[in-house]
Every structure is written in structure tokens, then in C-alpha cells.
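Enquirer: Need coordinates for the following:
(4 chains)
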There are 2 protein chains.
Amino acid sequence: MNFYHSDNPASKCSVCVLGQFCLPVGITASDISKIDTLVKERVHLKKGESLYRHGDPLSSVYSVRFGTLKTEYALEDGRQQVIGFHLPGEIIGLDGIGEGQYQSEAIAVEESEVCIIRYEAFEDLARQIPALQQQFHRILSRELTQDQRHLLSLGTMRAEERLAAFLLNLSQRLAARGYLNHEFDLPMSRVEIASYLGIQIETVSRMLSRFAESGLVQIKQRHIKLIDVDGLYELAGIPNPERARILKKIP
Amino acid sequence: MNFYHSDNPASKCSVCVLGQFCLPVGITASDISKIDTLVKERVHLKKGESLYRHGDPLSSVYSVRFGTLKTEYALEDGRQQVIGFHLPGEIIGLDGIGEGQYQSEAIAVEESEVCIIRYEAFEDLARQIPALQQQFHRILSRELTQDQRHLLSLGTMRAEERLAAFLLNLSQRLAARGYLNHEFDLPMSRVEIASYLGIQIETVSRMLSRFAESGLVQIKQRHIKLIDVDGLYELAGIPNPERARILKKIP
DNA sequence: CGTTGCATTGACTGAGATCAATAACTGTGG
DNA sequence: CCACAGTTATTGATCTCAGTCAATGCAACG
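Expert: Below you'll find the model as predicted:
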């Protein structure tokens, strides 16, 4: 882990390209300068390094600057699962607020960098800037919704559907960040995908091969190209939000 | 749905026996009176009635006064799953904050009553009372942790383990509310349990019968008596928090 | 160019789903 | 109070998806 301290303008929240994700909308210039003072440090993580571990006291929450992190949750008997993958602009460490210590472990899936947001200072500032407080609540709430969608996937979907939904979700999130969304590199390994989806690595492999056979995707190792997006959506059992649906079901 | 409006003292948050769950600790007398003004209305729900539905605009969050509610999350193709059961003192509706409309549907599993907390007024008040704001963040964060534990259950545990963990979790939550925790009535049906655990109703039935055969529990319909709590914990693959563990693992 | 880690593919197995029948309870009205 | 319908739960028989075990393939790297 590599810490940075910086006052140079390029590290300011207000000029960060991710502002759309981690900054609240509709705040004044003076608010912005306050927010800028909040984030003075960053951490650089090499692949496999932990940002925090289960049980570490909560001092900060973190905003991903670049790279990808996974959060893992462990059962007392040693079994563990990847709970989430976190892309640039997303906030992690929120599960530490409840008990004052992180409940999960956050690990870099690839080389990554995160902004450190001192939690106490943040909470104070949120009280002063209503828009910031509201945005924080929205972030927490969306996190809940995200987990609930994931629950639905693990509870009701078959392996094939889970994987299709996973690829599409990743694609959507990449698109929202302005990346190519129909062709990208998976930052995570098959093991990590399998763990996240609650299936075995062999099943991930088989399903990906099957998708490729069916002409839904092209895969070369971790490089993936979505060919038939509609087909994937259909397979996942969810409607394609990329095309406005004019048709209604006629019963 | 039956609305109440009330200024009578018995309906005040400050005297509600659930205060320990929904009120922040360490607040002043004047804060208490402000909080009391926040919750003026309650809703009475008969079994099966919805408190809110997916897509309803968020106006309030709710605190369960008595009874049990379930929240269900639906997939676009009609599949749906019970995401959580909510006991007295727990807050529901938080998933509505992110998008300004509820993402799930909340339904009474048995006759229930909830306090209405107008969300905008609550957010304002939270800004004025730091302890309230902190408590709210803790509640949101614990909700996240709860969902993550649930994810782990659906992702890595076998049916048997999920059911054992479910019974123990319910028992713990009842104990925290001062109820009998080793003998109680399940408020929810087998269908609802199965949905929550991501398994089939027949499997729930079979596993319960198996638990009874093994002398772990006694079951008569929805009435359940935990006989061998340690055995259940072992089966669930989690340590028993009810007995302080002096022993350490010797490698 | 072997070694090491990650991914794919095949053969077999098993936990839990599905289908089906029965049993037990709940509530209703005569 | 009983009969009946309707719901909810249990139990059995069979099937299937995905897990497990095992072998092979493929990159990257010292």
C-alpha cells in the first residue's frame, strides 16, 4: 500500500473526472472548496493488496479513482465470497459504519488507486452541506438496492442467467463511465467471478464457452466482446434498457 | 391499510419500548421532543397488505411497531424473492432513498403496525441532531451488512445450513427484543421462508423434518422449539455467540 | 523451456428441483 | 358442531443442473 499526500490541484475532487459519481450535484463554489479539503490523501494498491480487512477500525471510506477492487465477506468457518466489484467513482468501506469496524475485506483486483475520505470529517461536513448529506444517503441506499439485486440473482437465477446478467451489469457500469461497453477486459479472474455469482469456476468456464458457441460473445482469455446484447438480455431474463421499449405486453 | 394520527403520549418515540432500536443513544431531552414531533402517524396492516410497492414515490421510511413485514424484490420477468423479514424496531423503506422511489414491495406477513417517518423532515432533523444522523448512518450500514450476510448464505451455504442459520438468526433477533428465543411461532409461511433462502418449499419442509428427527428442534406447524442450539450452530457452520468462547483454536 | 498459475473440457455424482399424491390445518356457512 | 372447500405443509419418486474430480491446454515469467 502506498500513501500519497497532495495539495496539488489535480488531486482535487472538484476537478476529478469522477465527480459525477462521488460528488453531489447542485452545490455552491464554497461548498466545493470545503469538499476539496476533505480528500487530501490517496492510496495506491497493487493487484492483490488489501485496502482494509474485516475487523479493522473504521477510519475512512474510500472512493475508487482507478482500477477495480473486490469486497469479500467471510464466514467464521473459512468459507468466503466476493460480495461486490467496485469500479472508479464507487464508494467502499460503508459496511464499517454500523459497528465502527469493517465487516468485509477490500482487495485490489488489479492495480488501483483510491481516495481516502476521513469518515468523521465527512460526517461533519455532510451536516453542513445538505446536498452532500442527501447524496451520501442516496449512495448508501443504492448500495442496498445493488445488494438486493445480487440476492435475487443468487436466489432465483440459474448459472447461465447469473453470468449473462453479470456481464451486462459490468457493461452498463463501464458505459456509465464512458468506457467502451461492448468490448472490454475483465479485470477479475474466473475464480473471482465464480465466487461472486455463487457458482463454481468450471461452470463459469463452461457457460462462457457456451455463450461463445451461441454467438452471444467472443472471448479470448479475459478480453470479452459482447456480440448479441439483446440475446444476452433475453437469456438473463431482464429487458434491455438500452433500447426504449415501446411495446407493451398484451395479455 | 389503516392510518392513525395521534398526539397522545403513548405514541411518542421517546416512550416506545422499541426506542433502543430506532432512537439514537445519547441525545438530550430537547432533542427527544423534536424527534417525537417527527412521528405522528402510524399504519395498521392486515396480513397480506402492502405498505408500499415497487415504484411508489418515497415519502417516508417506516419503523415496525409490532408484527412482521417482508420485503420482496421482483425481476422484470415476474420472478420474485423475499429479501428480508422485518421485526419490531427495524426500519424499512430505505431502498427508496436512492432513486426517490421504493425498489421493493413491503408486505405484512402477519397483522402489523408501523410508524410513519416523513423522510424529508427526518433528513432535516438529522442535520440538526448529530447523534440522530450518526444513528441513521449506522442503521443503513447494518442493513448493508445484513444483506451481505444473506448473500453469503445464498452463495456458499447448502440448504440445510441456510435453514439452520435462518432459525438461529430469527432466534437472536427475538432475544434482542426480549421475547422467548428458544420457543416461538414463525410468523411467515414455508413459501416465504423458501423464497428468502433461495430454495424450494419442499426442501424447507424436508430439512425441518430432518432437524426434528435429529432432535435439534421440535416443530408443530409454525410453532418451533429449538432443542439443541449448539447443534444448530454447528450445522450452520457458525460459532455460537450465546456462549462466550474461551477456547482458542490450537493449530 | 520447464515451472507455475489460470482456464478449459470431460466424466461422473449428488443436492436439491420438479412432479405428484396425500395430509393437516383454517375458515365458512349451514 | 360438523361438513366442505381452500389453503398450506409433508412426503415420496424421479430428474436435472451444477458440483466434484481429474486430465489437459495455454500464457506468462524467471
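Enquirer: From here on, just use CA atoms for contacts and neighbour counts.
Expert: Fine.
Enquirer: what's downstream of the least confident helix or strand in chain A by mean pLDDT, the next helix or strand?
Expert: Taking all helices and strands of chain A together, the one with the lowest average confidence (mean pLDDT, DSSP states H and E) is helix A:19-22, at a mean of 65. Moving toward the C-terminus from helix A:19-22, the next helix or strand (DSSP states H and E) is helix A:29-38.
Enquirer: quick one: average pLDDT of that following helix?
Expert: Per-residue pLDDT over helix A:29-38 has a mean of 79.
Enquirer: contacting residues for A:Leu174?
Expert: The contact partners of A:Leu174, by C-alpha atoms under 8 Å, 6 or more residues apart in numbering or on different chains, come to A:180-181.
Enquirer: Distance-wise, check it relative to A:Asp230.
Expert: 17 Å (C-alpha to C-alpha, to the nearest Å).
Enquirer: just A:Gln133 next, same as before
Expert: A:Gln133 sits 38 Å away from A:Asp230, going by C-alpha to C-alpha.
Enquirer: Now do stretch A:130-140: distance to the chain's middle.
Expert: For stretch A:130-140, the distance between its averaged C-alpha position and the chain's averaged C-alpha position is 18 Å (C-alpha atoms, centre = their mean, to the nearest Å).
Enquirer: same thing with stretch A:165-174?
Expert: The chain centroid and the centroid of stretch A:165-174 are separated by 10 Å under C-alpha atoms, centre = their mean.
Enquirer: What count of nearby residues applies to A:Lys220?
Expert: Using other C-alpha atoms under 10 Å in any protein chain shown as the criterion, A:Lys220 is surrounded by 9 other residues.
Enquirer: More neighbours: A:Gln133 and A:Asp230, which one.
Expert: Under the criterion of other C-alpha under 10 Å, the comparison of A:Gln133 against A:Asp230 puts A:Gln133 first, with 23 against 17.
Enquirer: For the more buried one, which non-adjacent residue is spatially closest?
Expert: On the basis of C-alpha to C-alpha, 6 or more residues apart in numbering or on different chains, the spatially nearest residue to A:Gln133 that is not a chain neighbour turns out to be A:Ala126, at 4.5 Å.
Enquirer: Could you look up the next helix or strand downstream of the helix or strand that contains that neighbour?
Expert: Taking DSSP H and E as the definition, A:Ala126 sits inside helix A:119-128. The element immediately downstream of helix A:119-128 (helix or strand, assigned by DSSP H and E) is helix A:130-156.
Enquirer: Which positions within that following helix qualify as buried?
Expert: A:130-145, A:147-156 (16 or more other C-alpha atoms under 10 Å in any protein chain shown).
Enquirer: Ok, stretch A:158-166 next?
Expert: A:159-166.
Enquirer: okay, the residues you listed in CSV with secondary structure, pLDDT and distance to chain B next?
Expert: CSV is the format used below for these (DSSP: H, G, I helix; E, B strand; the rest coil; pLDDT from 0 to 100; distance: C-alpha to the nearest C-alpha, whole Å):
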residue, secondary structure, pLDDT, distance to chain B
A:Ala159, helix, 97, 12
A:Glu160, helix, 96, 15
A:Glu161, helix, 97, 12
A:Arg162, helix, 97, 12
A:Leu163, helix, 97, 14
A:Ala164, helix, 97, 14
A:Ala165, helix, 97, 12
A:Phe166, helix, 97, 15
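Enquirer: Just checking stretch A:93-108 against chain B, any contact.
Expert: Yes - under the criterion of C-alpha under 8 Å from any C-alpha of the partner chain, chain B is reached by stretch A:93-108 at A:94-99, A:103.
Enquirer: now A:Arg142, nearest residue through space, not along the chain?
Expert: Spatial nearest neighbour of A:Arg142, excluding adjacent residues (C-alpha to C-alpha, 6+ apart): B:Gly98 at 5.0 Å.
Enquirer: and the one you found, how many neighbours?
Expert: Applying other C-alpha under 10 Å, we find 22 other residues in the vicinity of B:Gly98.
Enquirer: Now do it against B:Leu45, distance only.
Expert: Between B:Gly98 and B:Leu45 the distance is 25 Å, computed by C-alpha to C-alpha.
Enquirer: A:Gln134 too?
Expert: When C-alpha to C-alpha is the yardstick, A:Gln134 and B:Leu45 sit 30 Å from each other.
Enquirer: sorry, back to before: hmm, the residue nearest to A:Gln133 is touching A:His137, no?
Expert: No - using C-alpha atoms under 8 Å, A:Ala126 makes no contact with A:His137, being 10.1 Å away.
Enquirer: returning to what we had before: name the member of the residues of stretch A:93-108 next to chain B that has the highest neighbour count.
Expert: For the residues of stretch A:93-108 next to chain B, the largest neighbour count, defined by other C-alpha under 10 Å, is 29 neighbours, found at A:Gln103.
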